[in-house]
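Visitor: dropping a prediction and its sequence here:
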Amino acid sequence: MKPQSPPGARRTELMVLCLCFSVIVFDGYDLIVYGATLPALLQHEAWGLTPASAGAIGSYALVGMLAGALIAGAVTDLIGRRKVLLFGVTGFSLAMVGCALAPDATLFGVFRLLAGLGLGGVMPTAIALTAEYSAPHRRSLNNALMFSGYSVGGVLAAVLALSLMPTYGFRLMYWLGAVPLLLVPVLMRALPESLAFLVAKGRDAEAARTAERLGVALPEPGEQQGPRRSGISTLMSKRYLVPALLFALTSFLGLLLVYGLNTWLPQIMKSAGYPLTSSLLFLVVLNVGAIVGTILVAPIGDRVGMRPVTLAAFLAAAVSIYLLSVPSSAPVMYALVAVAGFGTVGTQILVNAYVAMHFPAEVRATALGWTLGIGRVGAIIGPTFGGILMSSGANAAWNFYAFAIPAAVGALVVLLLPRRGAASGARLQARAEQAA
């Protein structure tokens, strides 16, 4: 029987889910818009970009995300998850204005780097808040629904590029990235602070008032209590260190695939002979596949565990990307791209849910920040790696082989991940101690 929740818990769960989804939509748009505008940027003669230099600029935002995720993972223990999210949304939106106004490629790259700082802090914080306010039996599904906003943003970027960029140019696409500034007042008013953060900081009265206002239960003592060390020191303890390293490696491979393909898929398809409009349509299909596939598979993870579904997603990526190297009809090609979307973007969504379900609430945001932060090294390599491949003159099939191999390695790493979450273990231990 599923546990009964307080009367207002479901309403709060949906509110947090919708707010975090909205943030991640713009997060995804601001990241994937670079891949959607890349063909136009390469044709912008005033900037003189080459595939290699464009790949480097594509990595700048991801360097910023690496720093932003690691900073957020540490700072969230000091100022709370709500403020980290607000600062992140404001920061990446203002940086997108800078991208729209940039007079040359150098300043454009600087503003992409600054945008990455804000984007890097938003993702782990949104995942942690969604997981915390979700009922345990819906945690994986809600994470998939929330993080599908990333792919919705990617679809939005590609569709708008198809319809607006031929007439208005690439700069309008970056102006649209400033729209989240309108969301900030709504977040300030409606987004609650993490109860786990309040309890961990000893602000028990504030936590009780917040829980009463939201109609939710306070965190169980077994989940939240213990030595009040910093999140980083707890994560680096003997109990969590090995899982943290394995999850970081898994995220490294997943994000290499996500950002490598989202940056270079339109250009890869264009070089294979598809017109610009068709190549952008592949980007739409990639992200639609991620949305549909992940939402269908995530509930299975709630029932059978995250390891088998994450393994299946990596294998789907490896097989579909490899098969894209073989000439086939358009319907088959679109179907393979959709499966690749689930196996790349969808895999990272599942990895994020896996982390959120494995680690207990008091260290969850830090674990997500660490996993995504170290994983950003793969994200940084992805666009640069794709640019080097495109510049190398290698056989076109190697553009696909080069991304199928990391997916296969990712499947092997998943086999090393723990079956049972540390969060579940902590609860069982606490119940045993209470019984004794």
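Guide: Looks like it came in fine. Being a predicted model, the structure only gives us computed values, none of them experimental.

Visitor: Leu41 contacts Thr50, correct?
Guide: No - the pair Leu41 / Thr50 is not scored as a contact, 10.9 Å apart, by C-beta atoms under 8 Å. Every residue, glycine included, has its C-beta placed from N, CA and C.

Visitor: neighbour count: those two, which is higher?
Guide: It is Leu41, of Leu41 and Thr50, that has more neighbours when counted by other C-beta atoms under 10 Å, with 16 against 12.

Visitor: which element is that one on?
Guide: Element membership for Leu41, per DSSP states H and E: helix 9-43.

Visitor: pLDDT on that helix, on average?
Guide: The average pLDDT for helix 9-43 rounds to 87.

Visitor: show me what contacts the residue nearest to the spatial centre of the chain?
Guide: What sits nearest the mean C-alpha location of the chain, by C-alpha atoms, centre = their mean, is Met123, with 5.7 Å. Contacts for Met123 (C-beta atoms under 8 Å, 6 or more residues apart in numbering) come out as 24, 27, 65, 69, 352, 368, 372.

Visitor: test my guess that Ala371 contacts Tyr354.
Guide: For residue 371 the amino acid is Thr, not Ala. No - if you go by C-beta under 8 Å, Thr371 and Tyr354 don't touch, sitting 9.2 Å apart.

Visitor: tell me, what's touching the two both at once?
Guide: Counting by C-beta under 8 Å, 6+ apart, the contacts common to Thr371 and Tyr354 are Phe247.

Visitor: which of these two has more neighbours?
Guide: With neighbours defined as other C-beta under 10 Å, Thr371 and Tyr354 compare such that Thr371 has more, 34 against 27.

Visitor: measure that one to Ala46 for me?
Guide: Distance of Thr371 to Ala46, computed by C-beta to C-beta, to the nearest Å: 40 Å.

Visitor: ramachandran coordinates for Leu49?
Guide: The phi/psi pair for Leu49 (degrees, to the nearest 10) reads phi -80, psi 140.

Visitor: which ones are touching Trp398?
Guide: Leu389.

Visitor: low-scoring pLDDT stretches of the protein, where are they?
Guide: For the chain, the stretches with pLDDT under 70 are 1-8, 219-232, 272-279, 361-362, 394, 420-436.

Visitor: which one of the contacts of Met123 is nearest to Leu113?
Guide: When the contacts of Met123 are compared for distance to Leu113 (C-beta to C-beta), Met65 comes out closest, at 9.5 Å.

Visitor: so where do the helices sit in the stretch 251-400 of the chain?
Guide: Using DSSP state H, counting those that start in this stretch, the helices found in the stretch 251-400 of the chain span residues 276-304, 306-323, 330-341, 347-358, 361-392, 398-414.

Visitor: from what I can see Val377 touches Phe252, true?
Guide: Yes - in this structure, Val377 is within contact of Phe252 by C-beta under 8 Å, at 5.8 Å.

Visitor: same drill for the two, tell me which one is more crowded.
Guide: Phe252 (22 against 17).

Visitor: check contacts around the closest residue to the more buried one other than its chain neighbours.
Guide: Nearest non-adjacent residue to Phe252, counting by C-beta to C-beta, 6 or more residues apart in numbering: Gly378, 3.7 Å away. Applying C-beta under 8 Å, 6+ apart to Gly378 gives the contacts 251-257, 259, 406.

Visitor: now do Gly378 against Ala248, distance only.
Guide: From Gly378 over to Ala248 the distance is 10 Å, taken as C-beta to C-beta.

Visitor: repeat for Gly121
Guide: When distance is defined by C-beta to C-beta, Gly121 is 17 Å away from Ala248.

Visitor: looking at these two, which one has more neighbours?
Guide: Using other C-beta under 10 Å as the criterion, Gly121 and Ala248 rank with Gly121 on top: 33 against 20.

Visitor: what about the more buried one, which helix or strand?
Guide: Per DSSP H and E, Gly121 falls inside helix 105-132.

Visitor: between that helix and helix 361-392, how big is the angle?
Guide: Per axes from the mean of the first three to the mean of the last three C-alpha atoms, to 10 degrees, the angle that helix 105-132 makes with helix 361-392 is 150 degrees.

Visitor: only the buried residues of helix 105-132, if you could.
Guide: Across helix 105-132, burial judged by 16 or more other C-beta atoms under 10 Å covers 105, 108-132.

Visitor: try stretch 381-400
Guide: Buried positions in stretch 381-400, judged by neighbour count with 16+ other C-beta under 10 Å: 381-390, 399-400.

Visitor: measure that stretch end to end?
Guide: For stretch 381-400, the first-to-last residue distance is 16 Å (C-alpha to C-alpha, to the nearest Å).

Visitor: span of stretch 217-234 from start to end?
Guide: Distance between the two ends of stretch 217-234: 25 Å, counting by C-alpha to C-alpha.

Visitor: which one of the contacts of Met123 sits closest to Met173?
Guide: Comparing the contacts of Met123 against Met173 with C-beta to C-beta places Asp27 closest, at 15.4 Å.

Visitor: that closest one and Tyr150 touch, don't they?
Guide: Yes - Asp27 is within contact range of Tyr150, at 6.3 Å (criterion: C-beta under 8 Å).

Visitor: OK, contacts around Ala312?
Guide: By C-beta under 8 Å, 6+ apart, Ala312 lies in contact with Val297.

Visitor: now it: how far from His137?
Guide: Distance of Ala312 to His137, given as C-beta to C-beta: 21 Å.

Visitor: check Leu107 too.
Guide: Counting by C-beta to C-beta, the gap from Leu107 to His137 is 49 Å.
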